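>>> sequence below, structure please.
(one chain, ligands or ions: 1)
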Amino acid sequence: MNDAKILLSGVKPTGRPHIGNYFGAMKQFVDLQNDYECFFMIADYHALNFVQNGKEMKGLILDLALDYLAIGIDPVKSTIFQQSAISEHTELSWIFEAITTVPYLERAHAFKDAESRGKEVSVGTFNYPMLMAADILLYDPDVVPVGQDQKQHIEITRDTAEKFNRIFGETFKLPEALILESVKTVPGTDGQKMSKSHKNTIGLFASDEEIADAVMKIPTDSKGVEDPKDPETDNVFALHKLFTEGPEFGELRDKYEAGGIGYKESKEILIKNIVKFVTPIRERRASLEKDIPSVIEILRKGAKKAKERASEKMADVRMKVGVTLDK
Ligand code: AMP
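Numbers count the residues shown, from 1 in each chain. Okay, here's the model as predicted:
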C-alpha cells in the first residue's frame, strides 16, 4: 500500500447529502478506494461558516461519518477523519494566507457568489480556498475527486502549491482534480445545479415519500403523452440517466423520441428506480446508527493516521519557512 497513489477529498457537514454530492463526488470515493490510499475528510471547519450552533454541528459531523460508512467507504482500507482534529490544517492555512494576495482570492467563485447575494461575507468564507489548499496539500494527494463546482478551488490549490514551492523550495506535490464528465454537475429538480442553497435537492437518504414529492414537483413542458419529447432538455430524463439502467433506459429514450410516454409515467418510473437505489444504503445507515461509539472510534483512529502524515509534512513546511530553530 505504501507505493499506492494518494486520494483525498471531503464533504462539508452542513446538512443531508443529496444525490448531486453522491454522483458528483462521493460515489467516486467508494469506487476508487481499492486503487488509491484514501483520505476522506469531514470538513467541519469549512462547515463552521454555515453552522454556528455547537449541538447542531456535533450532530452533522456524526451524520456525515454515518453517511460515508453507509455508502460503502471501508474504514479499514480508507482513512475517515475530522478536519478539526488535525490542527495542521489551520496552521498551514495561515502560512498560505501570508503568501496570497487579496485580489487573487477576490476572483474565487464562492466569494463572488456570497458577495453578489448582498450579504456581508465572513473572513472565513473569503479565506476558504486557503484552508482547502491546506486540507489537500498536507497529504500530497495525486487526485482529488470533486464536482465541477470545486474545480476552481483545486486550481487555487495548485497555484498556492506552486507559489510556496517557488518561494521556499520544492515542498508540495501538485494534485489533479478528478471530475467525471457525465456527472460533473448533477441537475436538481428545477434543472439548475443540484444544491442545498437552491432547495432543489433529492436527499441521498430521503424517505420514499420525500423522493416521490421531490420528483413529482419537477417542472416539465406541456407536451401530451403521444407527443415526441427531447430527452436532452427534460429535467426528469436528466435524472433517469443516473437511476434508470439497462433495457429500461433504452426503451424510455425511444418512447421519449417517438412519443408514447407522458411525464407522469416517466416520473413514476424515476421514483421507483430512485427508491430501489437508496433503499439498501438507507438500511445500512439505519443499522450503523445503532452503534455511535464505533463511529466515534473510527474517526479517532482516522485522525491518528491523518495526524501522522500531516504532522510530518508540517514539520517540513515549518523548517522551510524558517521557524524551526534547532535544525
Ligand atoms: P459540499 O457539500 O460542498 O462539501 O460538496 C461535496 C462534493 O459534492 C463536492 O465535491 C462538490 O463538488 C460535489 N457536488 C455538490 N453538488 C454537486 C452537483 N450538483 N453535481 C455534482 N457534484 C456536486
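
>>> show me which residues of the stretch 151-300 of the chain sit near the ligand.
Residues of the stretch 151-300 of the chain that fall close to the ligand, judged by CB under 6 Å from any ligand atom: Val183, Thr185, Val186, Lys193, Met194, Ser195. Heads up, the C-betas are built off the backbone N, CA and C, glycines and all.

>>> same question, the stretch 1-150 of the chain
Val11, Lys12, Gly20, Asn21, Gly24, Ala25, Val146, Gly147, Asp149, Gln150.

>>> highest neighbour count among the residues you listed?
The most crowded member of these, judged by other CB atoms under 10 Å, is Gly20 (26 neighbours).

>>> ok, now which ones touch the residue lying closest to it once chain neighbours are set aside?
Take Gly20 and drop its neighbours on the chain: the residue closest to it by CB to CB, 6 or more residues apart in numbering is Met194, 3.3 Å away. Applying CB atoms under 8 Å, 6 or more residues apart in numbering to Met194 gives the contacts His18, Ile19, Gly20, Val186, Pro187, Gly188, Asn200, Thr201, Ile202.

>>> nearest to Leu60 among those residues?
His18 (14.3 Å; CB to CB).

>>> how many residues are close by the closest one?
For His18, using other CB under 10 Å, the count is 22.

>>> what bridges to it?
Beta bridges link His18 to Gly203, judged by DSSP bridges.

>>> on that earlier part again, tabulate the contacts of Met194 (TSV), appending pLDDT.
TSV is the format used below for those (pLDDT from 0 to 100):
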residue	pLDDT
His18	96
Ile19	95
Gly20	94
Val186	94
Pro187	93
Gly188	94
Asn200	94
Thr201	95
Ile202	96
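
>>> of the residues you listed, which is the nearest to His109?
Gly20 (16.4 Å).

>>> wait, is that closest one part of a helix?
Yes. Assigned with DSSP: H, G, I helix; E, B strand; the rest coil, Gly20 falls within a helix.

>>> correct me, but it touches Lys184?
No. Gly20 is not in contact with Lys184 according to CB atoms under 8 Å; the separation is 10.3 Å.

>>> overlap of the contact sets of these two?
Joint contacts of Gly20 and Lys184 (CB under 8 Å, 6+ apart) are Gly147.

>>> so how far is Lys151 from Val144?
As judged by CB to CB, to the nearest Å, Val144 and Lys151 stand 10 Å apart.

>>> before we move on, what about Ser182?
15 Å.

>>> how about the helices in the stretch 101-250 of the chain?
Counting by DSSP state H, counting those that start in this stretch, the stretch 101-250 of the chain has helices at residues 102-106, 109-116, 123-137, 151-168, 208-216, 235-243, 246-258.

>>> do I have it right that Lys267 meets Ala214?
No. Judged on CB under 8 Å, Lys267 makes no contact with Ala214 at a distance of 10.1 Å.

>>> just the strands in this structure please.
Using DSSP state E, the strands of the chain run over 6-11, 37-42, 79-82, 143-145, 176-178.

>>> so for Gly54, which of those sits nearest?
Going by CB to CB, the one of those nearest Gly54 is strand 79-82, 14.3 Å.

>>> just checking: what are the partner strands of the closest one?
Partners of strand 79-82 in its sheet, by DSSP bridges: strand 37-42 (parallel).

>>> who touches the strand it pairs with?
For strand 37-42, using CB under 8 Å, 6+ apart, the contacting residues are 1, 4-11, 13, 29, 32, 61, 64-65, 68, 73, 77-83, 135, 139, 141, 299, 306, 309.

>>> try 6 Å this time
1, 4, 6-8, 10, 13, 29, 61, 64, 68, 73, 78-80, 82-83, 139 (CB atoms under 6 Å, 6 or more residues apart in numbering).

>>> same question, stretch 54-74
13, 17, 26, 29-30, 40, 42, 44, 51, 80, 281, 284-285, 288, 295, 299.
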